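Peer 1: Model the following, please.
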Amino acid sequence: MRRIAVVLLNLGSPQEPEDVKPFLLNLFLDPAIIRAPRLIRGMIARMIVARRWKSSQANYATIGGSPLLQQTFAQAEALQVKLRADSDEKDAVEWEVFVAMRYWHPFAEEVVGKLMEWNPTEVIMVPLYPQCSTATTHSSVRSFLEAMSAVYGDVPHPFLSVLGCYPTLPGFVDHFAEEILLTLKSLRSVSRETRASIGADCDRKSAEALEQQVDIILPEKSDEVITGDGDSKDAHTDSCLIVFSAHGLPQRIVDEGDPYILQVEQAASAIVQALFQLGDEADIPVPPHAICFQSRVGPVAWVKPYTDEYIRTHAQGRDIIVVPLSFVSEHIETLLELDIELKEMALTAGANSYHRIATPQVSEGFIAGLSGITREITGFHKPSVDELESGYRPVDVVKQGVRYFAPYDCCGEVAAGHSDDGTTLDDKGHKRCLCAFGVDLSARALAFVEGNGRGSTPNHFAEKDTMAAQPSTPSSLLG
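Peer 2: Predicted coordinates:
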């Protein structure tokens, strides 16, 4: 019988006031966060923590502590129930779902110890970051593989797989589209007499323009409100405004080729397309929308537009709907930054009303989507006709002893040399997804995963394209 361990990877959060300072130090000591030599990084990290830990401690107190850990364990439990429910006796598989955090307990080494006791034949790492980035996905994967190396040592290890990204996962996309539609319905149901005090109807003209093109366009100027065809509207136009707010990233990391921003755009575009379908059925037009980025830190340039500046400019006379599309659970960036600070800013700037869409957490569709991908990685699930017709193109490769799986056309044309479906090819014609092949494993982790024993490719993957040797990795994506 196959024993498959699924490990949900997340950032983690402090659970007690005294946890805040060491949590922040772990965060800023990560070379994926501060990209500087170790000694310099240590100095910078300690300076940042010395300035911020007390205010961060107060912020966590304001929201009553972060629920991220509890919600991640709830997601693990829901996913385990779903995986087991979708399996039958002929599958001959036993599932167990674990949770590992990057910057606070349970750390990877703690989890790997429990995982080793369970003795799986296969391990699937599922980062809870829908959009892949060197600062999140790659950092968590690298850390977990190093923990596997430290704990397993010379003991034969299970076969290792990584879910690289899932920016357009149907259950993830549908959750946000359905919640946005509910908000639009609630705004529409308010009488016109009351409307002047809390918002305005989304005008049909802008919605009809949106239907001509649903691609999301990043604003180049802070005074633009983006509709689907790229036209700008007056900032005081009486209408709703959807703001897709994703966690920001330093511009330098984006310029080096990190795929995160592209995948944020893909996620937003997919949500808008789903919203158009739902809106047509409910006869509710889709309002103007734009992508912005939040949570910037320090004096360096971060990718723009900034969520706070954008909403401050466009809040007057509008119903603001904020969609945290880079998060799957609640934490300080949603509960404090969006629910308290941004709401106060928007209302002060003249917004008629402010609405923040909840993260997916354990929504049925999201958990079902994760289960479907996980089962596909293990060979128990095949893409549906709808998925295939919508352009579903799985990228499935083995690099350095680890199998990487990116279930959608996730990387687009980030760099030269791509095939038509968004992947690159090596000299043997193998596909290479940038999300997977950007992971730069440490020497310890590399020696571990390339070892023999159970780490070799299982028979049920024998027909997949695999690569025994490491292909050339784009240097711009090394974390």
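Peer 1: Cross-check the contact I'm expecting between Leu83 and Val97.
Peer 2: Yes - counting by Cβ atoms under 8 Å, Leu83 touches Val97, with 7.3 Å between them. Every residue, glycine included, has its C-beta placed from N, CA and C.
Peer 1: anything in contact with each of these two?
Peer 2: Common neighbours of Leu83 and Val97, using Cβ atoms under 8 Å, 6 or more residues apart in numbering, are Val6.
Peer 1: Local confidence estimate at Ile4?
Peer 2: Per-residue pLDDT puts Ile4 at 95.
Peer 1: Let me know the helix or strand that it is in.
Peer 2: Using DSSP states H and E, Ile4 maps to strand 2-10.
Peer 1: Ok, Thr313 next?
Peer 2: helix 307-314.
Peer 1: Which SSE is immediately downstream of that helix?
Peer 2: Next element after helix 307-314 (DSSP H and E): strand 319-323.
Peer 1: and that following strand, how far from the chain's centre?
Peer 2: Centre-to-centre, strand 319-323 and its host chain are 20 Å apart (Cα atoms, centre = their mean, to the nearest Å).
Peer 1: Can you list the neighbours in contact with the next helix-or-strand element following it?
Peer 2: Next helix or strand after strand 319-323 toward the C-terminus (DSSP H and E): helix 332. Contacts to helix 332, defined as Cβ under 8 Å, 6+ apart, come from residues 13, 59-60, 63, 66.
Peer 1: tell me the average confidence for helix 332?
Peer 2: What helix 332 shows for mean pLDDT is 97.
Peer 1: Over to stretch 290-302?
Peer 2: pLDDT averaged over stretch 290-302 gives 92.
Peer 1: mind listing what's buried in it?
Peer 2: By 16 or more other Cβ atoms under 10 Å, the buried positions in stretch 290-302 come out as 290-296, 302.
Peer 1: a markdown table for the residues you listed, including distance to Ile284?
Peer 2: Shown next, in a markdown table, are these (distance: Cβ to Cβ, whole Å):
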| residue | distance to Ile284 |
| --- | --- |
| Ala290 | 19 |
| Ile291 | 22 |
| Cys292 | 23 |
| Phe293 | 27 |
| Gln294 | 27 |
| Ser295 | 31 |
| Arg296 | 33 |
| Trp302 | 34 |
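Peer 1: Please identify which of these is nearest to Pro106.
Peer 2: Minimum separation from Pro106 among the buried residues of stretch 290-302 (Cβ to Cβ) is found for Ser295, which lies at 24.0 Å.
Peer 1: can you pull the contacts of that closest one?
Peer 2: Per Cβ under 8 Å, 6+ apart, neighbours of Ser295: 247-248, 333, 337.
Peer 1: For the residues you listed, which ChimeraX command selects only the ones that are buried?
Peer 2: Restricted to buried positions by 16+ other Cβ under 10 Å, the ChimeraX selection for those reads:
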select :247,248,333,337
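Peer 1: Now compare the contacts of Ser295 and name the two farthest from each other.
Peer 2: For those, with distances taken as Cβ to Cβ, the pair at the greatest spread is Gly248 and Glu337 (11.0 Å).
Peer 1: what do those two both touch?
Peer 2: Joint contacts of Gly248 and Glu337 (Cβ under 8 Å, 6+ apart) are 294-295.
Peer 1: sorry, back to before: in strands, which of the buried residues of stretch 290-302 fall?
Peer 2: Mapping these onto strands (DSSP state E) picks out 290-294.
Peer 1: could you dump those to TSV with distance to Gly171?
Peer 2: Shown next, in TSV, are those (distance: Cβ to Cβ, whole Å):
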residue	distance to Gly171
Ala290	24
Ile291	21
Cys292	24
Phe293	24
Gln294	24
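Peer 1: Show me the strands in the stretch 251-400 of the chain, by range?
Peer 2: 289-294, 319-323, 353-356, 395-399 (DSSP state E, counting those that start in this stretch).
Peer 1: Please identify the deepest-packed of these.
Peer 2: Most buried of the strands of the stretch 251-400 of the chain, by mean neighbour count (mean count of other Cβ atoms under 10 Å): strand 319-323, with a mean of 26.
Peer 1: quick one, it and strand 289-294 angle?
Peer 2: In terms of direction (axes from the mean of the first three to the mean of the last three Cα atoms, to 10 degrees), strand 319-323 departs from strand 289-294 by 60 degrees.
Peer 1: Specify the angle between strand 319-323 and helix 307-314 in degrees.
Peer 2: For strand 319-323 against helix 307-314, the angle by the same axes, to 10 degrees is 160 degrees.
Peer 1: Neighbouring strands of strand 319-323 in the sheet, and parallel or not?
Peer 2: According to DSSP bridges, strand 319-323 has the following sheet partners: strand 240-247 (parallel), strand 353-356 (parallel).
Peer 1: where in the stretch 151-300 of the chain is pLDDT low?
Peer 2: Applying pLDDT under 70 to the stretch 151-300 of the chain flags residues 190-238.
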